[in-house]
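>>> got a sequence here, can you model it:
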Amino acid sequence: MPDTNDGQMAGPAATITGPQTLLFATAAGIIVTNLFAPQTLVGLIGPSLGANAASVGLVAMATLLGYAAGLFFLVPLADLSENRALILRMLIAAALAAGVAALAPSAAALLIVLFILGAACSAIQILVPIAASMAPPGQDGRVIGDVMSGLMVGILLARPLASLIADAWGWRAFYGLSAAALVVLTCVLAFTLPRRRPAAKSSYGALIASLLDLLRDEPVLRRRALTAALVMAAFSLFWTAVALRLALPPFDLGQRGIALFALVGAGGAVVTPVFGRAGDRGWTRSATIACHLLLIGSMALSAWAGSFQMGASWGPLVPMGISAVLLDIGVTGDQTLGRRAINLLQPKARGRLNGLFVGIFFIGGAIGSMLAGIAWTWGGWPMVCAIAAAFGLVALLVDWIGGPE
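Alright, predicted model coming up:
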């Protein structure tokens, strides 16, 4: 497809097609599995590399923190460099990092390479603005929601997939297979991804400096990034610690059982397009409040389900599974609505806006993962749920004091 100097695709071919949407969604889903797989593997990675219970959250934190760094320092290049070439280079780096992770000899080495892997996976947030720029007028929310479906399916399937692979061949096998999948994806995108050359002519340093200007000048960006960070912290806290809770009575689940439980949460991804369309209809604020109320309610239900110590495992496992689905719906809805809102702000700065938005909420995710081991050590499952619910309450307070969008 021909390049244009306004950062958009020209002509009839510029409008995104169904197969292209599916390609974007699939690519996002494959890449993002690397960010959340460690959450369900911490119980295996920690002991095998000599990490204690309080520090296992660092394994899940490293990739998320790397991803945030990539969003701040690599994704802004999407407003300066040709996007297709940039994405391919980042995916090659991700494939190499995943391959090295499979061979990591120590916890320190693994943390470093997972940070690099996370940074390279920020290529996702270059793909999403490309899809948004190709959307027909007035259908940004639909396209973003459809692509986000693939992203959220990848997030929610990362844990069960990683658990099943680890149960069969060990945790290192996951990263070996991920490296192979990233190589295949890179080859596919090399032949199918359209070129997109942005209009920005400033230097890289000026683009990075402009991030602070965007954050200062866009109140919608600040508000949506803050609530996204809060709900992502709750999400990461829950999913990092739940593997530890499910391994204990009355659940007594192994890696395979934990994988099946994590698969239940994937049901939350089906509502992603619904939230995109709700934004298109002007229901952003009310839908966002509903998402945060769902998150708080899900943590109350989860705390109750986790309070059982005896009896049949399937009894408390059902409400625990329902709480996971409700949590994922709330987080998915908040992120979809927030992404739609910030993509409507400044079309020529979409790369930087997405980098800021997602980078800030992944810092929240990294904090949640880090707190998982600490909360578990200090107060067990009730403490985990209480902290996650507190994140939701603060997000609801931001909704209350924030103005209409």
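>>> and the helices in this structure?
Using DSSP state H, the helices of the chain run over 18-49, 57-73, 83-101, 107-120, 124-133, 140-169, 171-192, 204-217, 219-246, 255-265, 272-280, 284-306, 314-343, 350-401.
>>> angle of the fourth one against helix 18-49?
I take that to be helix 107-120. Angular relation of helix 107-120 and helix 18-49 on a 0 to 180 degree scale: 170 degrees, by axes from the mean of the first three to the mean of the last three Cα atoms, to 10 degrees.
>>> for helix 107-120, which positions count as buried?
In terms of neighbour count (16 or more other Cβ atoms under 10 Å), helix 107-120 has its buried residues at Ala107, Leu110, Leu111, Ile112, Val113, Leu114, Phe115, Ile116, Leu117, Gly118, Ala119, Ala120. Quick note: C-beta positions are derived from backbone N, CA and C, even for glycine.
>>> in terms of mean pLDDT, which of the helices of the chain ranks lowest?
Looking at the helices of the chain, the lowest mean pLDDT belongs to helix 272-280 (a mean of 76).
>>> report the buried residues of it.
Neighbour-count burial for helix 272-280 flags Thr272, Pro273, Phe275, Gly276, Arg277, Ala278, Gly279, Asp280 (criterion: 16+ other Cβ under 10 Å).
>>> also stretch 62-78?
Along stretch 62-78, these residues count as buried under the neighbour rule (16+ other Cβ under 10 Å): 62-78.
>>> report the contact partners of Ala173.
Ala102, Ile165, Ala166 (Cβ atoms under 8 Å, 6 or more residues apart in numbering).
>>> neighbours of the last one, how many?
Applying the criterion other Cβ atoms under 10 Å, we find 23 residues in the vicinity of Ala166.
>>> quick one: residues contacting it.
Residues near Ala166 by Cβ under 8 Å, 6+ apart: Thr40, Leu41, Leu44, Ala173, Phe174, Gln255.
>>> quick one: which of the residues you listed is most hemmed in?
Tallying neighbours with other Cβ under 10 Å puts Thr40 at the head of those, with 29 neighbours.
>>> go ahead and confirm that one touches Ala241.
No - Thr40 is beyond contact range of Ala241, at 10.9 Å (criterion: Cβ atoms under 8 Å).
>>> for Leu253, phi and psi?
The phi and psi values for Leu253, taken as degrees, to the nearest 10, are phi -90, psi 140.
>>> please shift the residue numbers so they start at 319 in all later answers.
Noted, 319 is the first residue going forward, which turns the last one into Leu571.
>>> which one is it nearest to, not counting chain neighbours?
Nearest non-adjacent residue to Leu571, counting by Cβ to Cβ, 6 or more residues apart in numbering: Leu564, 4.4 Å away.
>>> repeat for Ile640
Leu619 (6.4 Å).
>>> ok, now how distant is that neighbour from Ala608?
16 Å (Cβ to Cβ, to the nearest Å).
>>> now do Ala580
From Ala580 over to Ala608 the distance is 24 Å, taken as Cβ to Cβ.
>>> looking at the two, which has the bigger crowd around it?
Between Ala580 and Ala608, Ala580 has the larger neighbour count (other Cβ under 10 Å), namely 27 against 18.
>>> my guess is the more buried one meets Phe556, correct?
No - counting by Cβ under 8 Å, Ala580 stays clear of Phe556, with 11.1 Å between them.
>>> which residues are common contacts for those two?
Overlap of the contact sets of Ala580 and Phe556 (by Cβ under 8 Å, 6+ apart) consists of Ala642.
>>> now the two most distant members of the buried residues of helix 590-598.
Of all pairs drawn from the buried residues of helix 590-598, the one with the longest distance (Cβ to Cβ) is Thr590 and Asp598, at 13.4 Å.
>>> need the residues touching each of those two.
Counting by Cβ under 8 Å, 6+ apart, no residue touches both Thr590 and Asp598.
>>> and the nearest residue to Gly697 once chain neighbours are set aside, how far from Leu367?
Excluding its sequence neighbours, the residue lying closest to Gly697 (Cβ to Cβ, 6+ apart) is Ala704, at 7.6 Å. Ala704 sits 30 Å away from Leu367, going by Cβ to Cβ.
>>> please say which of these two ends up with more neighbours.
More crowded of Ala704 and Leu367, by other Cβ under 10 Å: Leu367, with 18 against 14.
>>> want to throw the contacts of Ala484 into JSON lines with distance to Arg513?
Listed next are those as JSON lines, based on distance: Cβ to Cβ, whole Å:
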{"residue": "Thr358", "distance to Arg513": "37"}
{"residue": "Leu359", "distance to Arg513": "37"}
{"residue": "Leu362", "distance to Arg513": "42"}
{"residue": "Ala491", "distance to Arg513": "36"}
{"residue": "Phe492", "distance to Arg513": "33"}
{"residue": "Gln573", "distance to Arg513": "43"}
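>>> and these, which is closest to Leu612?
The shortest approach to Leu612 among the contacts of Ala484 belongs to Thr358, at 22.5 Å (Cβ to Cβ).
>>> need the nearest residue in space to that closest one, chain neighbours excluded.
Leaving aside its chain neighbours, Thr358 sits nearest to Arg477 (4.0 Å; criterion: Cβ to Cβ, 6+ apart).
>>> give the contact list for Met379.
With contact taken as Cβ under 8 Å, 6+ apart, Met379 is in contact with Ala684, Ile685, Ser687, Met688.
>>> and the closest residue in space to the third one that isn't next to it in sequence, how many neighbours?
Taking Cβ to Cβ, 6+ apart, and ignoring the residues beside it in sequence, Ser687 has Ala378 as its nearest neighbour in space, at 3.8 Å. Residue neighbour count, defined by other Cβ under 10 Å, stands at 32 for Ala378.
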